[in-house]
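A.B. asks: Provided below are the primary sequence and the corresponding predicted coordinates.
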Amino acid sequence: MVLYGRRRVGKTTLIKHFLKDGIYFLATVENEALLIEKFKNIVADYFNDEFLRSLPLNSFEQIFQYIAKQNKKLVVVIDEFQYLARVNAAISSIFQKIIDEYLKDKNIIKYDEKYIHAWPLHPYQYLVEIIKQRKWERSNIGLEMDSHYFTALCYETIKTGLPNAKIKDAERLVNWVRIVKSDAEIKLMKSAARITESAMKIAFKSINPGVRQCDAVADIQKALFNGTPEFGGDYAGVATLLPTGKGTSASHLTATEDKFVLGEATIIEIAGVYKRYHCPMARTVLLGQKNQKKNRYNESNKRGSRCRNRSY
């Protein structure tokens, strides 16, 4: 089964919530041998098998051979599978072999590659057939109606193929689930926050009169990916936003090749990312002397905020 969708909607949280008994492995962009070793240790922990931990295994295939021999119904989750493909371009064919040879009778659903970007075929046509095979065609079916990757054609394929199903909008369901964060997730978010802090300091240093906006963003992006000495960063779900001057009156403008101007304000919106957990931050910098009129306005705002806080 493949679960996919836009970033940061709570797919991982949803999986962990329902994974009462199973193996969860988060793939990262690391050396393949290191990933195999980590996966082997997770499987060894699950089966409480110190002998497995001691074996010098060198492929995912060997580990899945072991899992298949345990003769146990088991859910194995591989999160961020695309990172494995970065490490080893042949990983899809390797897992195809694993499914065909070791897990073919283990209730794994796969679909043919012919459905991927091959009009007029569509992956949801196969999804409809699976639902019919399981006799769910008259059931309630929840859809993320506002998901970025859930297109009009996806909806029409389900609606046309399952005319007796009760289609319901389940958009809020996943959003509510993702609110709950485990201690491990909070730790990852704190790591992302450290990356954000480091990159914001670089932003303050890079934004100066006469510097091109794109050059400042290059410095910021480098800092976001460099991370800290303890952990590296990753790409964010949103670009670095840098509206400046008159552009601050508009939302979410990105950098241009124009230069920063003395006396103008710049809004910095960035997000540090660690293992796909984001920590966004927004700050405003003003190049040059402070505007006294704006200072008085800011002080009035602060006093108003303090009064509101005391009233609560």
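C.D. replies: Looks like it came in fine. Numbers count the residues shown, from 1 in each chain.

A.B. asks: Helix, strand or coil: sort out the residue lying closest to A165 once chain neighbours are set aside for me.
C.D. replies: In this structure, A165 finds its nearest non-sequential neighbour in I141, 4.9 Å apart by C-beta to C-beta, 6 or more residues apart in numbering. In short, each C-beta sits where N, CA and C put it, glycine included. Under DSSP: H, G, I helix; E, B strand; the rest coil, the three-state class of I141 is strand.

A.B. asks: wouldn't I141 be in contact with P163 here?
C.D. replies: No - shown here, I141 and P163 do not form a contact pair, counting by C-beta atoms under 8 Å, at 11.9 Å.

A.B. asks: okay, the two: which has more neighbours?
C.D. replies: Neighbour comparison, I141 and P163: the larger count goes to I141, with 16 against 8 (by other C-beta atoms under 10 Å).

A.B. asks: if I look at the more buried one, how far off is S59?
C.D. replies: Going from I141 to S59 by C-beta to C-beta, to the nearest Å gives 38 Å.

A.B. asks: and if you look at V29?
C.D. replies: Noted for V29: a distance of 19 Å to S59, by C-beta to C-beta.

A.B. asks: Then P120?
C.D. replies: 38 Å.

A.B. asks: The two - which one has more neighbours?
C.D. replies: Each of P120 and S59 has its neighbours counted (other C-beta under 10 Å); S59 has more, 14 against 5.

A.B. asks: What helix or strand is the residue nearest to F64 when sequence neighbours are not counted located in?
C.D. replies: Spatial nearest neighbour of F64, excluding adjacent residues (C-beta to C-beta, 6+ apart): I98 at 4.6 Å. Using DSSP states H and E, the element containing I98 is helix 91-101.

A.B. asks: L188 is in contact with Y277, isn't it?
C.D. replies: Yes - taking contacts as C-beta under 8 Å, L188 lies within contact range of Y277: 4.2 Å.

A.B. asks: Now do the helices in the stretch 201-312 of the chain.
C.D. replies: 213-226, 292-311 (DSSP state H, counting those that start in this stretch).

A.B. asks: Indicate which one of those helices is closest to V174.
C.D. replies: Proximity to V174 (C-beta to C-beta) singles out helix 213-226 among these, at 26.4 Å.

A.B. asks: Between helix 91-101 and the helix or strand harbouring Q62, find me the angle.
C.D. replies: Using DSSP H and E, Q62 falls within helix 60-69. Helix 60-69 runs at 30 degrees relative to helix 91-101, counting by axes from the mean of the first three to the mean of the last three C-alpha atoms, to 10 degrees.

A.B. asks: Name the next helix or strand downstream of the helix holding I98, please.
C.D. replies: helix 123-133.

A.B. asks: Mind listing residues that contact that following helix?
C.D. replies: Residues outside helix 123-133 that contact it (C-beta atoms under 8 Å, 6 or more residues apart in numbering): 109, 111-112, 115-116, 137, 141, 153-154, 157-158, 161-162, 165.

A.B. asks: How is the chain divided into domains?
C.D. replies: By the record's domain assignment, the chain is partitioned as 1-110, 112-180, 183-311 (automatic domain parsing).

A.B. asks: These into JSON lines, with extra columns for mean pLDDT?
C.D. replies: Formatted as JSON lines, the domains of the chain follow (pLDDT from 0 to 100):
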{"stretch": "domain 1-110", "mean pLDDT": "81"}
{"stretch": "domain 112-180", "mean pLDDT": "88"}
{"stretch": "domain 183-311", "mean pLDDT": "89"}
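
A.B. asks: E264 reaches P243, doesn't it?
C.D. replies: No - counting by C-beta under 8 Å, E264 sits too far from P243 to count as a contact (10.5 Å).
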